[in-house]
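> give me a model of this one.
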Amino acid sequence: MSHRRIWSVAPGRPRPGIGSRAGSDSWGRRRPAPDDAGAGPRTRRREETAGGIIRPPSRSEAPVMDSPLSASVSAIVVVLGDDPRLHECLAALAAEVRETGLGIEVVVVENAARGEAPALPLEPAKRIRREANPGYAASAAEAIEATTGDYVLTLNPDATVHAGSVARAVAVLDSEPDVGAVAFRLVRTDGTTLDSAGIRLGPIRRARDRGMGEPAEGAFTTRDDVDAACMACALFRRSALDAARDGAGEVLDRRFFAYKEDVDLGWRLRRAGFRVAYVPDAVATHERGWKERGRQTIPLELRILSLRNRWWTILKNESALSLLLRMALYVSVEVMLVLFLLVTEPGVVRAYPRIVLGIPGTLRRRKSRPR
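Predicted coordinates for the structure are as follows:
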C-alpha cells in the first residue's frame, strides 16, 4: 500500500501551531523553506518526489502524491460498502487541490467492502479496505490517527465540496487560532434546500442541524458560532482535536459506532476552550437521503444507537452542577419520550438498558473542568 501524499502549493507563512523557524514544523521535523519569499501570499514549495527528483508542482497537473511534508490538510472519508458516490466526492476534492493549490492528503476507509477495489479519481495516501464494519466512529478515529496534516477534513462519500470551500475554511483556521472546527454550509442535492448550518444543542441537549429541510436561499448566510459541526463535511484543527481527547484519550468515542459522535466532539472542543465556527461560504452538497424518507426507513439498530449515544454524550460532558439542575427536566421529558416510543417505535426502548450498562465506561471518559 502506498503511503504517499498529494503534492500541492503551500502557503508562504507558518500555519497555526508551527514555529516561526522556516526549517522545522510543529513536530520539530525539517521542512523546506519557500522557493521565493517575495513570490506573494502563496509560494511553491519544492519537495523530493518518490523518484528522488526535486521539482515544484505544476498547477496544470492532476494531483500528485508526494512527500509527507507537502500536506497541510488531511481528508478522511469513511465508506460503507462499495458506494459509487465516493468517486464524485474525491473528484471534487481533487478539483479543489488543482484550483486552490491546497496540500491535501487523503485517507479512505472502506468498511463491509466486497470484491475488487474500484479505481478512484486520486490515489489516497492510505486506503483501508475490509469486510468487517467496526462503525463510523472507530473508522474515522483510525483514519484521523493515520494522518499528520495540520487540519483534518471529514467527508462522507455522499458529500461533495464546492469550489474554493476547503480553502475558505482553511483561511478561517489560519487566521483565528481559537477556532477548533469549521462547520460547512451543507445543502441538499436539489440545490435549494438546506441540510445543515451547524449543530445546536437544546435545553435537554437534543441536537439538531440548523436549517435542515428549510429553503436555502437567504437563510443562515452570516458567520456564527455553533455547538458542533456535522462531520459529513467539516474541518478541524488537529491541535484542537488533541486537546479535546476524552478521558480514554480518544478523539472520537469508538463505542458510539455511529450517530452523535460529532455532537460529543463539538462539546469537548468547546470544553477545551475552542470555538466551532459556522462559515456560510464554505459549502458542500450532502445527499442524506434517509432524512427525506423519514425515521421509519432508518434501521432500528441505528435509531437505538442514536438515543443511547445522546445520553452517553450528556453523561460525558455535562457538568455535575448542570446535571443536577436539569435533572427534573431530563426525567420529565424522558418519561414522556418513553411513553411515546412504546406506542410508535417500541423497539427503540431497548436503548435504555444499553445506556445504563454503559454508564461506568462513560463516566471514566469524563474530563475535569467541563465548560
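> what ranges do the helices span in this structure?
For the chain, applying DSSP state H gives helices covering 85-100, 136-145, 165-175, 238-243, 261-271, 289-293, 300-317, 320-344, 351-357, 359-364.
> per-domain residue ranges of this protein.
As recorded under automatic domain parsing, the domains making up the chain are 5-291, 296-364.
> and those, which one's lowest on average pLDDT?
Out of those, domain 5-291 stands lowest, with a mean of 81 (criterion: mean pLDDT).
> any idea how many residues pack against Val108?
25 (other C-beta atoms under 10 Å). Heads up, the C-betas are built off the backbone N, CA and C, glycines and all.
> which residues are in contact with it?
Neighbouring residues of Val108 by C-beta atoms under 8 Å, 6 or more residues apart in numbering: Ile76, Val77, Val79, Leu86, Leu90, Leu120, Pro124, Lys126, Arg127, Ile128.
> what about it, distance to Glu96?
16 Å (C-beta to C-beta, to the nearest Å).
> please enumerate the strands of the stretch 151-300 of the chain.
Ranges of strands in the stretch 151-300 of the chain, per DSSP state E, counting those that start in this stretch, are 151-155, 159-161, 179-187, 194-196, 199-201, 207-209, 224-226, 233-237, 275-286.
> what packs against the third one?
Identification of packing neighbours for strand 179-187 by 3 or more C-beta pairs under 8 Å, 6 or more residues apart in numbering; DSSP states H and E yields helix 165-175, strand 194-196, strand 233-237, helix 238-243, helix 261-271, strand 275-286.
> now the last one, how far from the centre of its chain.
When C-alpha coordinates are averaged (C-alpha atoms, centre = their mean, to the nearest Å), strand 275-286 and its chain have centres 12 Å apart.
> ok so, going back, most neighbours per residue, which of the domains of the chain?
Highest mean neighbour count among the domains of the chain (mean count of other C-beta atoms under 10 Å): domain 5-291, with a mean of 19.
> gap between that domain and the chain center?
Offset of domain 5-291 from its chain centre (C-alpha atoms, centre = their mean): 6 Å.
> residue closest to the middle of the protein?
What sits nearest the mean C-alpha location of the chain, by C-alpha atoms, centre = their mean, is Thr154, with 3.3 Å.
> nearest residue to that one other than its sequence neighbours?
Once flanking residues are discounted, Thr154 sits nearest to Met231: 4.4 Å by C-beta to C-beta, 6 or more residues apart in numbering.
> can I assume the one you found is in contact with Val263?
No - if you go by C-beta atoms under 8 Å, Met231 and Val263 don't touch, sitting 9.7 Å apart.
> would you mind measuring from Trp354 to Glu301?
Trp isn't right for residue 354; it's Arg. Arg354 sits 11 Å away from Glu301, going by C-beta to C-beta.
> for Ile204, same thing?
24 Å.
> ditto for Met327
Going from Met327 to Glu301 by C-beta to C-beta gives 29 Å.
> got a list of what Ser196 touches?
Counting by C-beta under 8 Å, 6+ apart, Ser196 touches Ala183, Phe184, Arg185, Leu186, Asp209, Arg210, Gly211, Met212, Cys230, Ala232, His286.
> fine by me, we can end here.
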